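Student: sequence unknown, structure follows:
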């Protein structure tokens, strides 16, 4: 057997990922599905070429930090403000409905209260990757559809941050109410401190040296990781700190430049993250979880498009736009994967529920992307009339 090293592991992941991604694109699938399947095959529950998924998972956490950092950078107040009322109503009402559906499924299959609560929580969110990566921007109709989807996803991201805060508080042990309250108190403290530092120090450095792209790139990474580490130091999480770091820079004149420059770095670590999810998935328990996982995935595929469509029509959107937006949002989110991982780390639930969530997300990704590619224009459609950038 080849002795494993970090060099060999990275080689194996990215060489295999390139092959699997090619197959996924020909099959009209989101590449994220290929990364997870690759992890399943190469991981300890597959052929065992990668025997230490914990090491890969630790490296991949950096990818999640960059993902949330870039999500924060995309959270432009002026963009959200245009559709705030409509997006807020649609997102909050739909989140309540989806939480209730997930909770009912959990109770129906005999899971305990906390487990059913987590299942309900992960059902509230739709996939940013599928929602945006399969959306063309070449026609006005699609631009408006994109505005709707982005507005809903941004508010969902804020709700997800609240869920992460609650899990973070739960993981501290002791008095649950006090721990969660301390998290909610630390959050505004962090936001104010980071905002002041950005306004009076970071922004001036950016203006002073904005022509030196290498320095701005370095400063952007340092800002992300620095705020993430400070958040962890005061009792929050790296992920929350990274999100706040991005939000404070969202209105900066070079936010777009930072976003574009950091995307390759983010994608590098995210490939490892989704690979590690597959590598850490216990295939042996599929026989125990396949029925609730398929049920959750099908409920997302059936009820999310219906609920979003009805709510958007109620808010005055045209029926064809409402229907398309609903279908493009009709899956479970990669954010749900992050929530399930943190839930296990905090002791909120066990590995069994985390595997259930991962399996249901994977099923919904595969089926949802197929439906979108076959029904609506996307950049990867095999039908020339539906292939649009």
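Tutor: Received it, and whenever you're ready, just let me know what you need. All of these numbers come straight from a predicted model, not from anything done at the bench. Numbering: from 1, shown residues only.
Student: Could you use CA atoms for every contact and neighbour count after this?
Tutor: Noted.
Student: Not counting sequence-adjacent ones, nearest residue to residue 322?
Tutor: Leaving aside its sequence neighbours, residue 322 sits nearest to residue 309 (Cα to Cα, 6 or more residues apart in numbering; 4.6 Å).
Student: element containing the one you found, please.
Tutor: helix 286-314 (DSSP states H and E).
Student: Show the secondary-structure elements that the helix or strand that that helix is followed by is packed against.
Tutor: Going down the chain from helix 286-314, the next helix or strand is helix 319-328, by DSSP H and E. On a contact count with 3 or more Cα pairs under 8 Å, 6 or more residues apart in numbering; DSSP states H and E, helix 319-328 meets helix 140-170, helix 286-314, helix 351-375.
Student: How far does the helix or strand following helix 319-328 sit from its chain's centre?
Tutor: Downstream of helix 319-328, the first helix or strand assigned by DSSP H and E is helix 334-345. Averaging C-alpha positions (Cα atoms, centre = their mean, to the nearest Å) puts helix 334-345 10 Å from its chain's average.
Student: what comes up buried for helix 334-345?
Tutor: Neighbour-count burial for helix 334-345 flags 334-344 (criterion: 16 or more other Cα atoms under 10 Å).
Student: do the same with stretch 91-105
Tutor: By 16+ other Cα under 10 Å, the buried positions in stretch 91-105 come out as 91-92, 94-95, 97-105.
Student: chain center to it, what's the gap?
Tutor: 18 Å.
Student: Is residue 34 in contact with residue 20, as I believe?
Tutor: Yes - assessed by Cα atoms under 8 Å, residue 34 is found in contact with residue 20 at 5.5 Å.
Student: Give me the more crowded residue out of these two.
Tutor: residue 34 (26 against 18; other Cα atoms under 10 Å).
Student: Can you give me the pLDDT of that one?
Tutor: We note a pLDDT of 84 for residue 34 in this prediction.
Student: Also the one 4 residues further on?
Tutor: In this prediction, residue 38 carries a pLDDT score of 88.
Student: Apart from its neighbours in sequence, what residue is nearest it?
Tutor: Per Cα to Cα, 6+ apart, closest to residue 38 is residue 275, 6.5 Å.
Student: Which residues are in contact with that neighbour?
Tutor: 13, 35-40 (Cα atoms under 8 Å, 6 or more residues apart in numbering).
Student: about what we covered before: please convert the buried residues of helix 334-345 to a markdown table, extending it with pLDDT and distance to residue 147.
Tutor: Output for the buried residues of helix 334-345, formatted as a markdown table (pLDDT from 0 to 100; distance: Cα to Cα, whole Å):
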| residue | pLDDT | distance to residue 147 |
| --- | --- | --- |
| 334 | 79 | 20 |
| 335 | 82 | 20 |
| 336 | 87 | 22 |
| 337 | 81 | 25 |
| 338 | 80 | 25 |
| 339 | 86 | 26 |
| 340 | 86 | 28 |
| 341 | 80 | 30 |
| 342 | 81 | 30 |
| 343 | 85 | 31 |
| 344 | 84 | 34 |
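Student: Could you dump those residues into a markdown table with distance to residue 195 added?
Tutor: Shown next, in a markdown table, are those (distance: Cα to Cα, whole Å):
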| residue | distance to residue 195 |
| --- | --- |
| 334 | 28 |
| 335 | 25 |
| 336 | 28 |
| 337 | 29 |
| 338 | 26 |
| 339 | 26 |
| 340 | 30 |
| 341 | 29 |
| 342 | 27 |
| 343 | 29 |
| 344 | 32 |
